[in-house]
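A.B. asks: Sequence and predicted structure are below.
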Amino acid sequence: MKKTFFHGRCCSGFTLVESLVVLLIILLLSAGSFTAFQQITQSSGLVSGSQMVMDQFDLARQTAITRNRSVEVQIFQLPSETFPEKKVYRALRLGVIDEHGTNYLSKVQFFPQGIAVQEEPEESPLVMAHEVQGGETTLPSFGKIFYKQFRFRPNGSTDLKIFNQEGWYLLLRLEKDSDEKASQKIFCIQIDPATGRSRSLRPKD
């Protein structure tokens, strides 16, 4: 039987250095892909959070007009999901006001994970201004919590004071960006106090 022998490096496996280089390239590509995926997920959370708040405001206004009753919007301050030692505004609930009290339209609506209101008076006066009334209530799993509230009237307007042309607004942000001044990952939700109509916009970089 004829025996065949192979010589030369072409038939040998990868060296240790080559294997490490390939592994490093794979890790770098994976890290880049994860970062891109994370950014897409965060942007999606801001968009869906902004849309959820807009939908709730529109529902409150439409319900007030349809039922000829005032509808209260409560925005809750809860422990942060990202930083449990902090409290942030990240949920809301609607309630119809009648002679018997407040009848809630639905369960508490939570913002997407990691999304909260920017808590600066000049950036989110809808929850931070002194003119906006607040109160305390009890929620399951949270106990006693604080909230800010405003109302839509039966004619579609709000009980918010008309004090400037920009109306009332709040900013939604990523919680982990709260101390990053350069962050542009925010959405603005604005309400016209006279008409009760709201709109969402994203500030320019």
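C.D. replies: Noted; the coordinates are in hand. Numbers count the residues shown, from 1 in each chain.

A.B. asks: max-length strand in this structure?
C.D. replies: Ranked by residue count under DSSP state E, the longest strand found in the chain is strand 87-98.

A.B. asks: helices and strands around it, which ones?
C.D. replies: Where contact means 3 or more Cβ pairs under 8 Å, 6 or more residues apart in numbering; DSSP states H and E, strand 87-98 is packed against helix 16-67, strand 71-79, strand 101-104, strand 109-110, strand 115-117, strand 143-152. Just so you know, the C-beta spots here come from the backbone N, C-alpha and C atoms, and that holds for glycine as well.

A.B. asks: what are the C-alpha coordinates of the third one, in PDB please?
C.D. replies: Backbone C-alpha positions of strand 101-104 (Å, rounded to 0.1, in the frame of the first residue of the first chain) are rendered in PDB as follows:
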ATOM      1  CA  GLY A 101     -66.000  60.500  43.600                       C
ATOM      2  CA  THR A 102     -63.400  59.300  41.100                       C
ATOM      3  CA  ASN A 103     -64.100  56.300  38.800                       C
ATOM      4  CA  TYR A 104     -60.900  55.100  37.300                       C
END
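
A.B. asks: Report the mean per-residue pLDDT for that strand.
C.D. replies: In this model, strand 101-104 carries a mean pLDDT of 90.

A.B. asks: in the protein, which segments are predicted with low confidence?
C.D. replies: For the chain, the stretches with pLDDT under 70 are 1-14, 30-43, 164-166, 176-184, 203-205.

A.B. asks: one step back: which stretch among the helices and strands packed on strand 87-98 comes nearest I162?
C.D. replies: strand 143-152 (12.8 Å; Cβ to Cβ).

A.B. asks: Would you mark the buried spots in the closest one?
C.D. replies: Going by neighbour count (16 or more other Cβ atoms under 10 Å), the buried part of strand 143-152 is 145, 147-152.
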